[in-house]
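Engineer: Build me a model:
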Amino acid sequence: MTRVCVNSDAAGQRIDNYLRKMLHDIPHGHIYRIIRTGQVRVNGKRIKPTYRLVAMDELRLPPMLRNTEQTQQIPDDFCQRLEGAVVHDDDDLLVLNKPAGIAVHRGSNVAFGVIESLRQSRDNPRLELIHRLDKETSGCLLIGKTLKSTRIYQDMFRQRGVKKHYRALICGRWQVDRERVTLSLSKHRSEQGEQRVVSDREGRTAESFFSTLQGLVGATEVDVEITTGRMHQIRVHAAQMQHAVVGDRKYGNRDKNAEFRRKGLARLYLHAESLHLPDGKHFVQPPDKQWVEDLGNLNR
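Structural biologist: Now for the predicted structure:
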């Protein structure tokens, strides 16, 4: 049997939908069958396909599900690239400076991501994501090495005990040195299946603090401290303040993004720069050399 610890990002999802996303190459009918027959357990108990996950739930999956996942042979050069991104490795944690453009896990349009690659390269199926970053966001990403450590650190995130700072390049000139943004957010899915996050008074509270680092031609580099961890929080808050993150194809301005691309800025400029944990551990990774060079192009 394989055991998976549910993180806060998956909380609220139905178990059938969660497994369909995680195991997209398994027929949906088979997933429903193993749930109904009790081969999938949550906290040691049988559940129905409609069961909604709670953070820190422990899933027990049949071995064939993990074996099917492992039939995907991930290219060695991809695994080596991610191993090269590891900046900390102890008995409990792996910390990566995740490159932009790499998903943290497999999905409907992604054959494999960070977690699958590390499981393969280290031959360790117990590795689990403690939190997530968007595919196009770079920076500090924590991986649990044991079930116990994964639960402990996921709980730190869930209890808002982790101090998180991001660096972002946003459109236009941010007018104040430091500003608090507290727009509540809700998730919505379009008829085409695209998931977006919108500002919504009835949504979940989201708080971000934007601080100016440097003004550039047509843009501002900012530090963003977030006390909550909502999906796409910084990107939506910035866009709602009319200062979208440069390169944001979902919430940004198409014309402005095209203008920045003509200047050589062709990525999403959002980087998870530091994580300070309640147990005293802290990890800081500045943006890469390309980021610095790209921003230098704005003042030429």
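Engineer: Work out which residue lies at the spatial centre of the chain.
Structural biologist: With distances taken as CA atoms, centre = their mean, Leu133 lies nearest the centre of the chain, 2.0 Å away.
Engineer: show me what contacts it?
Structural biologist: Leu133 is in contact with Lys98, Val104, Gly139, Leu141, Ala272, counting by CB atoms under 8 Å, 6 or more residues apart in numbering. Where C-beta positions appear, they are placed from N, C-alpha and C, glycine not excepted.
Engineer: Just list whatever residues bridge to Ile170.
Structural biologist: Beta-bridge pairing of Ile170 under DSSP bridges involves Thr220, Val245.
Engineer: before we move on, back to that, need the contacts of Leu133 in CSV with distance to Cys5 and secondary structure, can you?
Structural biologist: CSV is the format used below for the contacts of Leu133 (distance: CB to CB, whole Å; DSSP: H, G, I helix; E, B strand; the rest coil):
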residue, distance to Cys5, secondary structure
Lys98, 20, strand
Val104, 15, coil
Gly139, 23, strand
Leu141, 16, strand
Ala272, 21, strand
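Engineer: Assumed the residue nearest to the centre of the chain was part of a helix.
Structural biologist: No: per DSSP: H, G, I helix; E, B strand; the rest coil, Leu133 lies outside any helix segment and is coil.
Engineer: Is the nearest residue to Asp248 once chain neighbours are set aside in a helix, a strand, or coil?
Structural biologist: Closest residue in space to Asp248, ignoring its immediate chain neighbours: Arg235 at 5.4 Å, by CB to CB, 6 or more residues apart in numbering. What three-state DSSP gives for Arg235 is helix.
Engineer: thinking Arg235 is in contact with Arg249, fair?
Structural biologist: No: Arg235 is not in contact with Arg249 according to CB atoms under 8 Å; the separation is 10.2 Å.
Engineer: before we move on, back to that, quick check on the residue nearest to the centre of the chain: phi, psi?
Structural biologist: Dihedral pair for Leu133: phi -130, psi 150, per degrees, to the nearest 10.
Engineer: What separation do you get for it and Cys140?
Structural biologist: 8 Å (CB to CB, to the nearest Å).
Engineer: Identify the contacts common to the two.
Structural biologist: Common contacts of Leu133 and Cys140, defined by CB under 8 Å, 6+ apart, comprise Lys98, Ala272.
Engineer: ok, and the helix or strand in the protein with the lowest average confidence?
Structural biologist: helix 63-70 (a mean of 52; mean pLDDT, DSSP states H and E).
Engineer: Next SSE downstream of it?
Structural biologist: Scanning forward in sequence from helix 63-70 by DSSP states H and E, the next helix or strand is helix 76-84.
Engineer: following that next one, which helix or strand shows up next?
Structural biologist: strand 86-89.
Engineer: Starting from that following strand, tell me which strands it pairs with and how they run.
Structural biologist: strand 93-98 (antiparallel).
Engineer: quick one: Asp57 and Ser117, what's the gap?
Structural biologist: Applying CB to CB to Asp57 and Ser117 gives a distance of 25 Å.
Engineer: Looking at these two, which is more packed in?
Structural biologist: Between Asp57 and Ser117, Ser117 has the larger neighbour count (other CB atoms under 10 Å), namely 22 against 19.
Engineer: Phi and psi next, for Gly113.
Structural biologist: Torsion angles at Gly113 (phi, psi; degrees, to the nearest 10) stand at phi -140, psi -160.
Engineer: With the one 3 residues further on instead?
Structural biologist: Listed backbone geometry of Glu116 is phi -70, psi -40, with angles given as degrees, to the nearest 10.
Engineer: Could you measure from it over to Thr2?
Structural biologist: 13 Å.
Engineer: In terms of neighbours, single out the busier of those two.
Structural biologist: Remark: of Glu116 and Thr2, Glu116 carries more neighbours, 24 against 15, as counted by other CB under 10 Å.
Engineer: Could you double-check that the more buried one sits in contact with Gly107?
Structural biologist: No: contact between Glu116 and Gly107 fails when scored by CB under 8 Å: they sit 10.8 Å apart.
Engineer: Next, find the distance separating Gly161 from Thr150.
Structural biologist: Distance from Gly161 to Thr150, by CB to CB: 15 Å.
Engineer: Of these two, give the one with the bigger neighbour count.
Structural biologist: Thr150 (25 against 13).
Engineer: could you say which helix or strand contains the more buried one?
Structural biologist: With DSSP H and E as criterion, Thr150 is part of helix 147-158.
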